[in-house]
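Participant: Pasted the sequence and its predicted model underneath.
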Amino acid sequence: QVQVAESGGGSVQAGGSLRLSCSASGYSGYPYSIDCMGWFRQAPGKEREEVASIYINGYTSYADSVKGRFTISQDKAKKTVYLQMSSLKPEDTAIYYCAAAPFCDSFQSGAWGQGTQVTVSS
């Protein structure tokens, strides 16, 4: 089974930057493969939303709210993905979760981390 762990959250002022990291371990092949990894976030009182995802071939997808500000990247050898967040806004404040799954439309049944808090102050 796959385990996922996030790191890198914290507090920053609006306009600042943070980089989140997510490492996967315990990979043992399909159906526990981690060909797609993604970042999600959930703010207080709001539903969880997908922020960005990256497939093993490098294909990326972003939520409209973060396009041009966030960049997802991966180090396949380290089974690690990164989320570089720039020009942060107070509305980016949320718990950020990393997830891994065989496909980018199967996160619901994939492996999830415990989450890391990101707080952006105005």
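Facilitator: Structure's in. What do you need? Numbers count the residues shown, from 1 in each chain.

Participant: Leaving out chain neighbours, which residue sits closest to the residue minimising distance to the centre of the chain?
Facilitator: Centroid check for the chain by CA atoms, centre = their mean gives residue 39 as the closest residue, at 2.1 Å. In space, and not counting its chain neighbours, residue 39 is closest to residue 51: 4.4 Å by CB to CB, 6 or more residues apart in numbering. All C-beta spots, glycine's among them, are computed from the backbone N, C-alpha and C.

Participant: which residues sit in contact with that neighbour?
Facilitator: Contacts here follow CB atoms under 8 Å, 6 or more residues apart in numbering; on that basis residue 51 touches 38, 39, 40, 41, 62, 63, 66, 70, 83, 96.

Participant: Most widely separated two among these?
Facilitator: 62 and 96 (14.1 Å; CB to CB).

Participant: When these two are compared, which one has more neighbours?
Facilitator: Using other CB atoms under 10 Å as the criterion, residue 62 and residue 96 rank with residue 96 on top: 23 against 18.

Participant: and residue 110, what pLDDT?
Facilitator: The model reports residue 110 with a pLDDT of 90.

Participant: from now on call the first residue 42
Facilitator: Renumbered: residue one is now 42, and that last one reads residue 151.

Participant: The residue lying closest to it once chain neighbours are set aside bridge partners, please.
Facilitator: Leaving aside its chain neighbours, residue 151 sits nearest to residue 142 (3.0 Å; criterion: CB to CB, 6+ apart). For residue 142, the beta-bridge partners are residue 77 (DSSP bridges).

Participant: quick one: low-confidence parts of the protein?
Facilitator: Scanning the chain for pLDDT under 70 picks out 69, 71-73.

Participant: Could you rerun that using 90?
Facilitator: Within the chain, the ranges that satisfy pLDDT under 90 run 42-43, 66-76, 117-120, 143, 150.

Participant: residues making contact with the strand or helix carrying residue 63?
Facilitator: Using DSSP states H and E, residue 63 sits in strand 59-66. If you take CB under 8 Å, 6+ apart as the criterion, strand 59-66 is touched by 43-51, 53, 75, 78, 80, 119-126, 129, 137, 139, 141, 152, 154, 157, 159.

Participant: Just the buried residues of stretch 148-161, please?
Facilitator: 148, 151, 152, 153, 154, 156, 157, 159, 160, 161 (16 or more other CB atoms under 10 Å).
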